[in-house]
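Engineer: have a look at this prediction, sequence included:
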Amino acid sequence: MKKSINNQNAKEALNQMKLEISNELGVESNHNGASKSAYQNGVIGGKVGGQMSKRLVEMGEEILLSQYNNKK
């Protein structure tokens with residue numbers, strides 16, 4: 001499975017979402033994890049990634065419901 005993002009606009013939107021969620025969670029957004037342990041970086045990344053996944057699923061559900069309701 002290919003994991004890279006080809007669409008530059010999508011990549012920028014996901015990066016923006018990542019920064020917004022990081023700020024909401026009070027996570028440093030300096031992008032330099034060298035001063036932290038791998039475990040600490042994993043915990044932080046897990047929190048942000050989990051929230052991103054949750055919000056993307058919510059967005060997808062809203063789109064599907066909207067499409068379904070428009071077909072009625």
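Structural biologist: Here it is on my side, so go on.
Engineer: I figured Leu14 hits Met52, correct?
Structural biologist: Yes - Leu14 is within contact range of Met52, at 7.4 Å (criterion: Cβ atoms under 8 Å). (C-beta placed from N, C-alpha, C; glycine too.)
Engineer: so where's the chain uncertain?
Structural biologist: Residue ranges of the chain with pLDDT under 70: 1-3, 5, 28-34.
Engineer: what residue lies at the spatial centre of it?
Structural biologist: Met52 (2.9 Å; Cα atoms, centre = their mean).
Engineer: can you tell me the helix or strand for Ala10?
Structural biologist: Taking DSSP states H and E as the definition, Ala10 sits inside helix 8-25.
Engineer: for the next helix-or-strand element following that helix, packing partners?
Structural biologist: Going down the chain from helix 8-25, the next helix or strand is helix 38-71, by DSSP H and E. Judged by 3 or more Cβ pairs under 8 Å, 6 or more residues apart in numbering; DSSP states H and E, helix 38-71 is in contact with helix 8-25.
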